[in-house]
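Asks: Fold the following for me, if possible:
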Amino acid sequence: MRILILRHGETEWNTCARLQGQTDIPLNENGVRLAGITGEKMRDVPIDICYTSPLERAKETARLILGDRHVPIIEDVRLKEISFGSWEGICCRRGQNELPKDFLENFYINPFSPRMVMPEDGESFRELSERTQDFVRDLTADPSLQDKHVLLSCHGCSSRALLGYMSGTPLEKDFWRGTVPPNCSVSVVDYRDGSFTVIEEDRIYYDKKEWKNHYER
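Replies: Predicted coordinates for the structure are as follows:
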């Protein structure tokens, strides 16, 4: 099985560094454009089936990547972004928000730290990890998918949780793998005989000069 982990295209909330979480924000014009470029460049990459977060930005990105291919698209709630609850919509740039200090100091360093805080109506990074790992176990246990190319269309945090689990890296050690994944970036993982092999991380198919991490610390 070859697994392609895709982060959705850009949204207006991305450009403002707002916590999106499970708020259903669509792609902006640039997000549509970048997803279209990515889909065109990936036209010769085999994809047999697509699983997507049910949030529109992930679904639209998947549709744009697949173009006119007749590929099944299956929604799975376990691929949704982490929930930030009542904090969703708040800008997370330093000096431009009302977020707790312990959140800002640990979000990019170690979101599994005991000092990390999340809203009571949100979701912890451990809960995110548990549901994404549950998805991967079901995916890899499906005998009909063992020789397939599978696209997973998801989000910044959920894609990092997926990739971290598949790579075998303890999420507590390096959840972000150095950075927030670029919009429309693709990581490639092979699954054979019960083992994962990371082939490529965070490949982008558009001009790298166009990528800006709006969530820089």
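Asks: Next one: Thr22 relative to Ile82, how far apart?
Replies: For residue 22 the amino acid is Gln, not Thr. Separation of Gln22 from Ile82 (Cβ to Cβ, to the nearest Å) stands at 8 Å. C-beta coordinates here come from the backbone N, C-alpha and C atoms, glycine included.
Asks: more neighbours, the two?
Replies: The neighbour count for Gln22 versus Ile82, taken as other Cβ atoms under 10 Å, is higher for Ile82 (26 against 19).
Asks: residues in contact with that one?
Replies: Listed by Cβ atoms under 8 Å, 6 or more residues apart in numbering, the contact set of Ile82 reads 21-22, 122-123, 125, 128, 155, 157-158.
Asks: end-to-end on stretch 4-14?
Replies: Across stretch 4-14, the terminal residues are separated by 22 Å (Cα to Cα, to the nearest Å).
Asks: Identify all contacting residues around the longest strand seen in the chain.
Replies: As assigned by DSSP state E, the longest strand anywhere in the chain is strand 195-203. For strand 195-203, contacts defined as Cβ under 8 Å, 6+ apart pick out 2, 163, 166-168, 177, 179, 181-182, 185-191.
Asks: sorry, back to before: now the contacts of Ile82 in TSV, with distance to Gln146 and secondary structure?
Replies: Converted to TSV, the contacts of Ile82 look like this (distance: Cβ to Cβ, whole Å; DSSP: H, G, I helix; E, B strand; the rest coil):
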residue	distance to Gln146	secondary structure
Gly21	34	coil
Gln22	31	coil
Gly122	36	coil
Glu123	31	coil
Phe125	30	helix
Leu128	27	helix
His155	26	coil
Cys157	28	helix
Ser158	23	helix
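Asks: Output these as a markdown table; include the columns distance to Asp68 and pLDDT.
Replies: A markdown table is the format used below for the contacts of Ile82 (distance: Cβ to Cβ, whole Å; pLDDT from 0 to 100):
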| residue | distance to Asp68 | pLDDT |
| --- | --- | --- |
| Gly21 | 32 | 98 |
| Gln22 | 30 | 99 |
| Gly122 | 39 | 97 |
| Glu123 | 36 | 98 |
| Phe125 | 38 | 97 |
| Leu128 | 33 | 98 |
| His155 | 25 | 99 |
| Cys157 | 31 | 98 |
| Ser158 | 27 | 98 |
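Asks: Tell me where the protein has strands.
Replies: Using DSSP E, strands in the chain cover 2-7, 49-52, 73-75, 149-154, 186-192, 195-203.
Asks: any low-confidence regions in the chain?
Replies: Low-confidence segments of the chain (pLDDT under 70): 94-97, 216-217.
Asks: the helices in the protein, which residues?
Replies: Residue ranges of the helices in the chain, as given by DSSP state H, are 12-15, 29-41, 56-66, 101-107, 125-141, 156-167, 171-174.
Asks: what would these look like in JSON lines with mean neighbour count?
Replies: Formatted as JSON lines, those follow (neighbours: other Cβ atoms under 10 Å):
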{"stretch": "helix 12-15", "mean neighbour count": "18"}
{"stretch": "helix 29-41", "mean neighbour count": "19"}
{"stretch": "helix 56-66", "mean neighbour count": "23"}
{"stretch": "helix 101-107", "mean neighbour count": "17"}
{"stretch": "helix 125-141", "mean neighbour count": "17"}
{"stretch": "helix 156-167", "mean neighbour count": "24"}
{"stretch": "helix 171-174", "mean neighbour count": "15"}
